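> Here is the input, now give the coordinates:
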Amino acid sequence: MEKNDISRPTLNLRFKPFFDLPLSAEIVWNLLPPKLLSLNLNWVYGTDGKWLRRKGVIVNHRDVVNGENLWWSYHPSESYDAYHQDLLKLSALLGDNHLPSGAISDWNGGGVAGVASHFGHIPHQRCLIHVLRTLKRLLPKHSPMLETRKLRSIAIEIINLKDETDVWNWQSKLIDWQMAYGHLLKVKTKSENTKKKWWYTHGNLRRAWRLLTKDQDHFFVYLEYPLIPKDNNSLEGVNSQFKQKLGDHRGMKLPQQISFAFWYFTFSRVKKLSDLKKLWVGWKKTYNSKKAH
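As a prediction, the model looks like this:
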């Protein structure tokens with residue numbers, strides 16, 4: 001821009017109206033309806049949040065099968081109320097004829113409850129990439145404990161199971177591990193000199209075991225419903241690009257980051273030049289309406 005003789009203050013002044021008034025997800029929906037409506041496509045709902053340095057979270061709701069961001073919002077946290085607000089609006093716009101065939105998420109409590117409340121009891125896959133990431137943290141690769149390393153070697157196979165036979169063999173390995181080393185999960189450390197009188201000695205090992213063995217059905221939904229992916233890579237990719245873009249524009253305050261996020265997801269819906277023209281007309285209408293009031 002400096003090569004075009006536009007100073008930074010002038011540039012900031014020109015862009016200020018857009019930062020002050022980003023288009024909401026609802027306005028974008030009306031201007032550029034998602035293709036799943038017009039083409040009557042089968043789709044899977046995916047959701048994930050991108051935290052803005054612990055100052056709140058941008059929640060993205062995506063059609064992970066057809067690769068389209070449907071709805072986005074800012075909330076102080078990924079609570080049930082946050083998902084309820086978003087999914088109440090999203091499900092109303094979708095109507096009964098365009099509900100998702102399934103869902104995938106990182107298993108955040110608010111998101112799981114929100115999907116069940118607004119989309120009914122559709123198949124809901126727990127993202128195995130998130131599961132694997134947590135397991136690797138709880139079960140370090142170079143742990144001094146042989147038992148931890150052995151459980152890790154079993155745990156990381158979870159991402160590569162292709163059919164029910166693979167799942168059965170994997171579960172058998174877990175049972176074998178429990179028979180050999182399960183006693184470690186009950187070992188306690190006691191102390192008279194601390195506020196907490198006792199705790200489980202191998203806390204991370206217990207957490208990893210609980211993650212691996214509690215409610216396993218949601219790990220393998222993708223085997224029964226091929227349309228549903230086993231991981232949230234579609235959303236992970238979007239959030240990764242968004243994070244990079246934010247990094248390229250470091251120094252923005254929270255309101256600017258939120259506006260930037262809204263515009264980022266808005267332009268993700270643009271497929272052709274006519275879409276840009278529709279957004280421009282819609283934004284001018286919104287801007288003029290705000291000035292009038």
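> only C-alpha atoms for contact and neighbour calcs from this point on.
Will do.
> Could you report the pLDDT at His183?
Note for His183: predicted pLDDT of 95.
> how near is it to Tyr200?
His183 sits 12 Å away from Tyr200, going by CA to CA, to the nearest Å.
> Then Asn233?
Remark: distance between Asn233 and Tyr200 (CA to CA) = 35 Å.
> again with Ser274
Going from Ser274 to Tyr200 by CA to CA gives 61 Å.
> Same check on Ser234?
In this view, Ser234 and Tyr200 are 38 Å apart by CA to CA.
> quick one: which of the two has more around it?
Higher neighbour count among Ser234 and Tyr200: Ser234, with 18 against 15, using other CA atoms under 10 Å.
> Cross-check the contact I'm expecting between the more buried one and Asn69.
No - applying CA atoms under 8 Å, one finds Ser234 not in contact with Asn69, separated by 10.0 Å.
> who's in contact with Lys50?
For Lys50, the contacting residues are Val57, Ile58, Val59, Asn239, by CA atoms under 8 Å, 6 or more residues apart in numbering.
> Can I get those in TSV including pLDDT, secondary structure and distance to Arg206?
Formatted as TSV, the contacts of Lys50 follow (pLDDT from 0 to 100; DSSP: H, G, I helix; E, B strand; the rest coil; distance: CA to CA, whole Å):
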residue	pLDDT	secondary structure	distance to Arg206
Val57	95	strand	30
Ile58	95	strand	32
Val59	95	strand	31
Asn239	81	helix	31
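> Check these against Lys141 and report the nearest one.
Asn239 (26.9 Å; CA to CA).
> Report the spatially nearest residue to the closest one, omitting neighbours in sequence.
Closest residue in space to Asn239, ignoring its immediate chain neighbours: Lys50 at 6.5 Å, by CA to CA, 6 or more residues apart in numbering.
> quick one: secondary structure of that neighbour?
Assigned state for Lys50: strand (three-state reduction, DSSP: H, G, I helix; E, B strand; the rest coil).
> Output the below-cut-off pLDDT ranges for the stretch 1-150 of the chain.
In the predicted model of the stretch 1-150 of the chain, residues 1-5 satisfy pLDDT under 70.
> mind redoing it with 90?
1-19, 38-41, 49-50, 53-54 (pLDDT under 90).
> which residues of it fall in strands?
In the stretch 1-150 of the chain, the segments counted as strands under DSSP state E, counting those that start in this stretch are 44-51, 57-63, 68-75, 102-105, 124-126.
> Reformat the ones you listed as a markdown table; add distance to Leu205.
Putting those into a markdown table (distance: least, CA to CA, whole Å) gives the following:
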| stretch | distance to Leu205 |
| --- | --- |
| strand 44-51 | 27 |
| strand 57-63 | 30 |
| strand 68-75 | 33 |
| strand 102-105 | 24 |
| strand 124-126 | 21 |
